[in-house]
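> Compute the structure for the input listed below.
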Amino acid sequence: MSGGADRPEDSGPGGGDGGVGGARGAGSRGATGLGADVMAVDPDVDLQLAADRAEVSAPRRWRVLAAVALGGVLGGLGRHGAARLWPTDEAGFPFALFAVNVLGCALIAVLMAWIASRHAPPLLRPFLGVGVLGGFTSFSAYALDGTLLFDADEPGVGLLYLGGTLLAALVAVWAGAVAGRWAFPPRTPRAGRTGPGQAGAAR
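Presented below is the predicted three-dimensional model:
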């Protein structure tokens, strides 16, 4: 219970949050109308956009959290199923997790291209991006497998796995981004729909 956040005499313009609250009040809340705490729900949301602010607003926050939780369960089950179908010896190359992480990187890139095109439903990013693909891929298991290979006196396999995963993941992100931009091209405003105010601003 340390810090000045609980002392009312330290409250700043943000109200009741101490010095940090004051900074929030002058920063993110002043710019977006929402508190900085909403960013913990989905850090990819751009709070400068009205549609993204609505995605993490209080009435919809629990739906976002439920989408992340459900997606995380499905993604984790998918990774567990891949490990069961493609078991690896203690000193062998972890092909299952390698394939899972590389595939997950490619799918995340495709997903972000979809979201950037503004064709995506509002809960798609929390469900598929943070939930399913976040639970499907695993950096911690990747690091653990590399450590276990070194412990099993297989430094060559360990280095191949650690370095190969990073290289393959980068290539997968690039390929996924290219494929995603091709499959989901950005929307362009149609000619002839410019209103009088927009026409004046353009001039």
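> hang on, residue 177 packs against residue 115?
No. The pair residue 177 / residue 115 is not scored as a contact, 12.0 Å apart, by C-beta atoms under 8 Å. Placement of C-beta: from N, CA and C, glycine included.
> so who does residue 173 touch?
105, 106, 108, 109 (C-beta atoms under 8 Å, 6 or more residues apart in numbering).
> what's the helix or strand harbouring the third one in contact with?
Spelled out, it's residue 108. For residue 108, the enclosing helix or strand under DSSP states H and E is helix 95-116. For helix 95-116, the external contacting residues (C-beta under 8 Å, 6+ apart) are 78-79, 82-83, 85-88, 120, 124-125, 128-129, 133, 136-139, 141-142, 145, 161, 164-165, 168-170, 172-177, 179-181, 183-184, 186.
> What of stretch 178-187?
106, 109, 110, 111, 112, 113, 114, 116, 117, 118, 119.
> how near is residue 67 to residue 156?
42 Å (C-beta to C-beta, to the nearest Å).
> Tell me where the model's unsure across this structure.
1-46, 51-59, 119, 188-203 (pLDDT under 70).
> just the helices in it please.
Secondary structure of the chain (DSSP state H): helices located at 18-26, 28-32, 50-55, 58-85, 95-116, 124, 134-136, 139-151, 155-183, 196-202.
> Taking helix 95-116 as reference, get the angle to the longest one.
For helix 155-183 against helix 95-116, the angle by axes from the mean of the first three to the mean of the last three C-alpha atoms, to 10 degrees is 30 degrees.
> Which positions within helix 155-183 qualify as buried?
Residues of helix 155-183 classed as buried by neighbour count (16 or more other C-beta atoms under 10 Å): 157-158, 161-162, 165, 168-169, 172-173, 176-177, 180-181.
> Switch those over to CSV; also include distance to residue 47.
As requested, the buried residues of helix 155-183 are exported to CSV (distance: C-beta to C-beta, whole Å):
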residue, distance to residue 47
157, 45
158, 42
161, 39
162, 36
165, 33
168, 34
169, 29
172, 29
173, 25
176, 26
177, 24
180, 24
181, 25
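> ok, those vs residue 150, which is closest?
residue 158 (4.7 Å; C-beta to C-beta).
> Identify the residues contacting the closest one.
146, 147, 149, 150.
> Equivalent analysis for residue 129, please.
44, 108, 111, 112, 115.
> List only buried entries from the residues you listed.
For those, a burial check counting by 16+ other C-beta under 10 Å picks out 108, 111, 112, 115.
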